[in-house]
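S.K.: Dropping the sequence and predicted coords here.
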Amino acid sequence: MEKIIKSTSIFIYILINVLFIAKYSSRVTPYYYLLSIAFALTLPVLFYLAGHIPEKYFTKKVFFVFVILFISFSIVCFAIIPQESLRVDRYEMIRLFWDNFFAGINPYTPRSLGTNIPGPFPFYFYLALPFYAIGELGFLSLLGFLLFIVLLRKFIQDESNRILILLALMLSPAYWWEIVARSTLFLNTTLVVAYIFLLAILDLEKNKNIIFSAILFGLILSTRSIVLTVMLPYLFFIGVYKTGLKKLSLWVLGIGIGFTATFLPIVFFSGFFPSNNPFAVQNIFLPLWFPITILLLMIVISIRIHEISEFIFISMLMMVVLVFAYFFLQVTHDNFYIALFKDGADISYIILTLPFVLIGLGQIKFIRNYSGIKPDEH
């Protein structure tokens, strides 16, 4: 199973980046297809050669040299490429939310009639507030990088795995787009991965840990609705549904409190209902029956598998299915050329799968076994 997970992760990693190279290099050169093919052929060779580098070169010092280099290059990019010059609207949506809020109007009000309203749920914007205040949202994108680094240090076995995953992230054109565009998709699902790993080491027999975990679930859910397709099945994976009624009610209550509390500062603004709210945006990308079907399928699979690496793997596949379903829906609406090379589809959503893909390249380590979780046997 480990080889299947790693091979599939490499394939999806290459696919994600080839899509980004094809889309964005086509704007500057007619030879974008050659660049895409070169990347697709070169990456497997690099992965193969990396596996034959002597262990002595994989050290903690080397790891953190790469981390510092990446952060330094990112900050240089922020200085060279102003966020106001970007064509993507993620920076603009965060600014619009808080501009509206501090002006005393519904944060989900469009700047002008017929334009977009902010899409994510409120907790996403609360996370962004300090970076809105300092005037550079790129540091919010870097927060996702730093959180991922913490996960690598804590939960991935041996230094060679950590460094190879870090290099895969640093060499990803899709991730560099994330940084330059001040996007937060990688951060969003890195929060989900962090939640998965956190629950793997918490003692969920204790009520205080249940309440904490449930409230945290509600907060992370108040970012983008797509995270529900991973987080809810994870509760089934760890056996929450087997607990007594009292503990199950703690989970339901905590999730409800965490999610609902994020709406309290904004729900009473005029115009929030019926249309100027995130619920009106989160459901427009796919027919409702499709993500519900994926969610139910994830729950069924989660009950039947035992290793957390398998859950990460299945989560990666299901998120890929959701994103590509959205892409092919846009293809049927327009055509493939418009969907990929123009503005027919936003292919950046595939970055949501990237944390799962990168984790699939390594070996996960856990220190506890509880509630049906079986540590990976390596």
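M.R.: That came in fine, so what should we check first?

S.K.: Can you report how many residues lie near residue 225?
M.R.: 18 (other C-beta atoms under 10 Å). Backbone N, C-alpha and C define where each C-beta goes, glycine included.

S.K.: begin at 52 from here
M.R.: Fine by me, first position is 52 from now on; the one you just mentioned is residue 276.

S.K.: pretty sure it contacts residue 170?
M.R.: No. Counting by C-beta atoms under 8 Å, residue 276 does not reach residue 170; the two are 9.7 Å apart.

S.K.: which neighbours do the two share?
M.R.: By C-beta atoms under 8 Å, 6 or more residues apart in numbering, residue 276 and residue 170 have these common neighbours: residue 333.

S.K.: center of the protein - which residue?
M.R.: Nearest to the geometric centre of the chain sits residue 240, at 2.4 Å (C-alpha atoms, centre = their mean).

S.K.: Which phi and psi values does that residue adopt?
M.R.: In terms of degrees, to the nearest 10, the main-chain angles of residue 240 are phi -80, psi -20.

S.K.: Tell me the first helix or strand C-terminal of the helix-or-strand element of the chain with minimal mean pLDDT.
M.R.: Ranking every helix and strand in the chain by mean pLDDT, DSSP states H and E puts helix 330-333 at the bottom, with a mean of 78. Beyond helix 330-333 on the C-terminal side, the first helix or strand identified by DSSP states H and E is helix 340-355.

S.K.: how about the CA coordinates for that following helix, as PDB?
M.R.: What follows is helix 340-355, C-alpha atoms only, in PDB (Å, rounded to 0.1, in the frame of the first residue of the first chain):
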ATOM      1  CA  TRP A 340     -25.700  16.200  -4.700                       C
ATOM      2  CA  PHE A 341     -22.100  15.700  -5.800                       C
ATOM      3  CA  PRO A 342     -20.200  16.800  -2.700                       C
ATOM      4  CA  ILE A 343     -22.800  15.100  -0.500                       C
ATOM      5  CA  THR A 344     -22.200  11.800  -2.400                       C
ATOM      6  CA  ILE A 345     -18.400  12.300  -2.000                       C
ATOM      7  CA  LEU A 346     -18.900  13.000   1.700                       C
ATOM      8  CA  LEU A 347     -21.000   9.800   2.300                       C
ATOM      9  CA  LEU A 348     -18.500   7.800   0.300                       C
ATOM     10  CA  MET A 349     -15.700   9.100   2.400                       C
ATOM     11  CA  ILE A 350     -17.600   8.200   5.600                       C
ATOM     12  CA  VAL A 351     -18.200   4.600   4.400                       C
ATOM     13  CA  ILE A 352     -14.500   4.200   3.400                       C
ATOM     14  CA  SER A 353     -13.300   5.800   6.700                       C
ATOM     15  CA  ILE A 354     -15.100   3.200   8.800                       C
ATOM     16  CA  ARG A 355     -13.400   0.400   6.900                       C
END
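
S.K.: hang on, the residue nearest to the centre of the chain packs against residue 400?
M.R.: No. Applying C-beta under 8 Å as the test, residue 240 and residue 400 come out as separate, 10.5 Å apart.

S.K.: The stretch 102-251 of the chain: helices as residue ranges?
M.R.: 111-131, 141-153, 173-185, 189-206, 210-221, 224-231, 236-252 (DSSP state H, counting those that start in this stretch).

S.K.: Show me the one of those that comes nearest residue 314.
M.R.: helix 173-185 (5.8 Å; C-beta to C-beta).

S.K.: Put the alpha carbons of that closest one into CSV.
M.R.: In CSV, the C-alpha atoms belonging to helix 173-185 read as follows (Å, rounded to 0.1, in the frame of the first residue of the first chain):
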residue,chain,number,x,y,z
PRO,A,173,-15.9,34.1,8.7
PHE,A,174,-13.1,32.4,10.5
TYR,A,175,-11.0,32.5,7.3
PHE,A,176,-11.2,36.3,7.5
TYR,A,177,-10.5,36.5,11.2
LEU,A,178,-7.2,34.6,10.5
ALA,A,179,-6.4,37.2,7.9
LEU,A,180,-7.1,40.3,10.0
PRO,A,181,-3.6,40.8,11.4
PHE,A,182,-2.2,40.6,7.9
TYR,A,183,-4.8,43.0,6.5
ALA,A,184,-3.8,45.4,9.3
ILE,A,185,-0.1,45.4,8.4
